[in-house]
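Colleague: Whatever this is, show me its structure:
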Amino acid sequence: MTYGFGDPTDHGGYTDRDGYTIPDGRYGGIATRDNDPWLPVRIEVGYRVREMSQNHVRRATFERVDSRLPGPHALAWLYAAANDETQVRRYTIDTASRMFPWTDDVRPEHNVKDAGVLVQQMVKIAQQNLATAQVDPLQYTDRSAPLPAHAEFVGVALSSLGMPGMDWSALKPGGFGFGVELPAECVVRMVDGTWLELTRRGRVDWKMECNKAMGYMNAMDWAWRPTMPEEWQPRPGSVHEYLHQLMVLTDRTYAEGNRQQTERARTGRR
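Modeller: Model (predicted):
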């Protein structure tokens, strides 16, 4: 299966004979650290999402584009590409992210301060797109560079900065020690059923919670065993539930786009 609406004859990571492959198995299933093929993907996702959060902090406190303050929440679509077997890291994770310029507008289609409203609006866009599968989900994002060959969609992530009640509009460039003291949280939903949450409060290591087995991660407060119930389900109408819907809709859109491309290639239609 390819991603990014590429050539339907290119089967992506599943048939990459020269290196590792992206494991199959979507939306859950019991696994342990010893038999879980998604473990190395999950570890790299953790590192990449932490980097995404750090980029979000820099944009908010130090490296503002056109001097504009981004909103406190950002989204990222996650893609994994299997590396050659000679490399130490089995997978490379690329992100296609989207930051939203800050505004006090609370209308649902413009609200960037409420994470639940923001993700719910992206879900509505993804639902509309699934009906036609004519729009690559990458077009939801700010990414302009092509993804690596054989990259496959593996999940979505939400980056949130600050604390409830904080006056985000008052955030000054260079504040919070260039961001190192700005509270940060990330929530990740992956196609294998993983829930991953990363939090940082002040100048300390990140704390990680996960419903799947994890491995060693540098500068992370982590545990081998899952710290959340394996089959944990989010509350309906919560940010987590909307993030899950966005992941499923994105995955289905890619699958439908590939099906349509394969059908056109089979029948010779454009």
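
Colleague: Could I get the pLDDT score of residue 224?
Modeller: You'll see residue 224 listed with a pLDDT of 71.

Colleague: That one is in contact with residue 214, isn't it?
Modeller: Yes - taking contacts as CB atoms under 8 Å, residue 224 lies within contact range of residue 214: 6.7 Å. The way it works is simple: take the backbone N, C-alpha and C, and place the C-beta from them, glycine included.

Colleague: Those two: which has the busier surroundings?
Modeller: Counted by other CB atoms under 10 Å, residue 224 and residue 214 do not tie: residue 214 has more neighbours, with 23 against 11.

Colleague: helix/strand/coil for the more buried one?
Modeller: Using DSSP: H, G, I helix; E, B strand; the rest coil, the structure places residue 214 in coil.

Colleague: Give the full set of residues in contact with the nearest residue to it once chain neighbours are set aside.
Modeller: Computed as CB to CB, 6 or more residues apart in numbering, the closest residue to residue 214 that is not its neighbour in sequence is residue 222, at 5.6 Å. Residues in contact with residue 222 (CB atoms under 8 Å, 6 or more residues apart in numbering) are 208, 214, 216.

Colleague: ok, residue 257 - how many residues close by?
Modeller: For residue 257, using other CB under 10 Å, the count is 25.

Colleague: go on, residue 77?
Modeller: The burial count for residue 77: 24, using other CB under 10 Å.

Colleague: helix or strand for it, which one?
Modeller: Secondary structure assignment for residue 77, by DSSP states H and E: strand 70-82.

Colleague: Residue 213 and residue 141, how far apart?
Modeller: Distance from residue 213 to residue 141, counting by CB to CB, to the nearest Å: 30 Å.

Colleague: More neighbours: which of those two?
Modeller: Using other CB under 10 Å as the criterion, residue 213 and residue 141 rank with residue 213 on top: 20 against 16.

Colleague: so what's the closest residue to residue 244 other than its chain neighbours up against?
Modeller: Using CB to CB, 6+ apart and skipping the chain neighbours, the partner closest in space to residue 244 is residue 189 (5.2 Å). Residue 189 sits next to 155, 156, 157, 195, 240, 243, 244, 246, 247 when contact means CB under 8 Å, 6+ apart.

Colleague: Let's have the residues you listed in CSV, adding neighbour count and distance to residue 233.
Modeller: Output for the contacts of residue 189, formatted as CSV (neighbours: other CB atoms under 10 Å; distance: CB to CB, whole Å):
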residue, neighbour count, distance to residue 233
155, 27, 17
156, 29, 17
157, 25, 19
195, 23, 10
240, 19, 9
243, 26, 13
244, 20, 9
246, 26, 16
247, 25, 14
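
Colleague: Where do the helices of this structure begin and end?
Modeller: Assigned by DSSP state H, the chain shows helices spanning 39-61, 115-130, 175-178, 239-267.

Colleague: Would you single out the least confident of the ones you listed?
Modeller: Mean pLDDT across the helices of the chain is lowest at helix 175-178; the value there is a mean of 52.
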